[in-house]
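In: Below is the sequence, then the predicted model.
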Amino acid sequence: MTRTPVQHPVGRRDRPAYDRASLLEVAVVVFNERGYDGTGMEELARRLGLSKSSIYHHVSGKEELLGLAVGRALDALFAVLDEVPDPAATATERLAHVVHGSVEVLAAELPYVTLLLRVRGNSAVEQQALDRRREFDHRVAELVSRAAAEGGVRDDIDPHLISRLLFGTVNSLIEWYRPDGGLPVATLADALTAVLFDGLRAGPGS
């Protein structure tokens, strides 16, 4: 006897299942592609294959998604800044550690850091993100000052300018670095830290 295959109607069971984390992952991709201001809930629902009400089951709206995304990037950066791998480390060594670790964060959280760097302060969530970025920059500048005082970095350039130059270089990686491009992040972080702290000039006998 031949059995007739059971045909299930297309419905809720055929929609993709998302939790809060996977929903955020897709939303960040869309925000980076279309711009946060240019992305509506209708577009997010279409890309997710969900109804808007299904999205609202997880978050209050796209502003909460933005807050979660940039918060994830900032939390990772501050974790590197707060980390003390060696209590006996000099300020210069700690500064180099922060730069090296920030490259690793950028590679690990590339879509989230990319979105963070595109925030312009057009909403309360964006303004809060900018405030935290300024706090990060200020703390790095303090570390630069301490490194200069101990003779580890030059002291004839404003520490805040050095901080901006350091992280301007780190942040530029979002424009070209791809984790699947064959360049290991450890190699990238080592090279960038060496160039920033030791320069490009070849030493004697090189």
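Out: Yep, it's here.
In: Following the chain past the strand or helix carrying L106, name the next helix or strand.
Out: Secondary structure assigned from DSSP states H and E places L106 in helix 91-108. Going down the chain from helix 91-108, the next helix or strand is helix 110-117, by DSSP H and E.
In: tell me what that following helix is packed against?
Out: Helix 110-117 is packed against helix 20-34, helix 62-82, with contacts defined by 3 or more C-beta pairs under 8 Å, 6 or more residues apart in numbering; DSSP states H and E. Heads up, the C-betas are built off the backbone N, CA and C, glycines and all.
In: buried sites along the following helix or strand past that helix?
Out: Once the chain leaves helix 110-117, the next helix or strand it forms, by DSSP H and E, is helix 124-149. For helix 124-149, the neighbour count (16 or more other C-beta atoms under 10 Å) marks 125-126, 128-129, 132-133, 136, 140-141, 143-148 as buried.
In: highest average neighbour count across the helices and strands packed on helix 110-117?
Out: helix 62-82 (a mean of 19; mean count of other C-beta atoms under 10 Å).
In: CA atoms only for it - export them in PDB, please.
Out: Extracted C-alpha coordinates of helix 62-82, given in PDB (Å, rounded to 0.1, in the frame of the first residue of the first chain):
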ATOM      1  CA  LYS A  62      15.200  49.000  16.100                       C
ATOM      2  CA  GLU A  63      16.700  51.500  18.600                       C
ATOM      3  CA  GLU A  64      17.000  48.800  21.200                       C
ATOM      4  CA  LEU A  65      18.700  46.600  18.600                       C
ATOM      5  CA  LEU A  66      21.200  49.500  17.900                       C
ATOM      6  CA  GLY A  67      21.800  49.800  21.700                       C
ATOM      7  CA  LEU A  68      22.500  46.100  22.000                       C
ATOM      8  CA  ALA A  69      24.800  46.100  19.100                       C
ATOM      9  CA  VAL A  70      27.000  49.100  19.900                       C
ATOM     10  CA  GLY A  71      26.900  48.100  23.600                       C
ATOM     11  CA  ARG A  72      28.400  44.800  22.700                       C
ATOM     12  CA  ALA A  73      31.300  46.500  20.800                       C
ATOM     13  CA  LEU A  74      31.900  49.000  23.600                       C
ATOM     14  CA  ASP A  75      31.800  46.400  26.300                       C
ATOM     15  CA  ALA A  76      34.500  44.300  24.500                       C
ATOM     16  CA  LEU A  77      36.700  47.400  24.100                       C
ATOM     17  CA  PHE A  78      36.400  48.400  27.700                       C
ATOM     18  CA  ALA A  79      37.100  44.800  28.800                       C
ATOM     19  CA  VAL A  80      40.500  45.100  27.000                       C
ATOM     20  CA  LEU A  81      41.100  48.500  28.600                       C
ATOM     21  CA  ASP A  82      40.300  47.200  32.100                       C
END
